[in-house]
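S.K.: Below are the sequence and a predicted model for it; my questions follow.
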Amino acid sequence: MRVMLKATMDTDKANEALTSGKMPQLLQETMEHLRPEAAYFGPEGGCRTCYLVFDMTDSSQLPPVSETFFTQLNAKVEIFPVMNADDLHKGLSQLH
């Protein structure tokens, strides 16, 4: 299932990861692990935030997907199902 992960990072922990040089490594490892079809980074609500869209094949993936954000960046993490336009069209066509 296609899902979106939204991680809103704690400013102090993210600053610490940046100044120690750890941030690029954390993000690279996450990208290699998840292989997202899309990845966006920017400020939201005054905090560093990332959005990753990837395929989650089993709910048991939740801990390894989210723990780095929780433990290393004290992030607020949300993961929810999403659709692209083709998925939406397919779903809507099944309503008839």
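M.R.: Done, it's in.
S.K.: show me the contacts for Ala17.
M.R.: By C-beta atoms under 8 Å, 6 or more residues apart in numbering, the contact list for Ala17 reads 23, 26, 72-73. Every C-beta, even on glycine, is put in place using the N, C-alpha and C of the backbone.
S.K.: Pull out the buried members of the residues you listed.
M.R.: 23, 72-73 (16 or more other C-beta atoms under 10 Å).
S.K.: taking those residues one by one, which sit in helices?
M.R.: Secondary structure from DSSP state H places 23, 72-73 of those in helices.
S.K.: starting at the chain centroid, how far to the top strand by length along the chain?
M.R.: Ranked by number of residues, the top strand in the chain under DSSP state E is strand 47-55. How far strand 47-55 lies from its chain's middle: 3 Å, per C-alpha atoms, centre = their mean, to the nearest Å.
S.K.: Give me the nearest residue to Arg48, chain neighbours excluded.
M.R.: Met9 (4.5 Å; C-beta to C-beta, 6 or more residues apart in numbering).
S.K.: Hmm, I typed the wrong one, I wanted His33.
M.R.: Sequence neighbours aside, Pro64 is the residue nearest to His33 in space, at 7.3 Å (criterion: C-beta to C-beta, 6+ apart).
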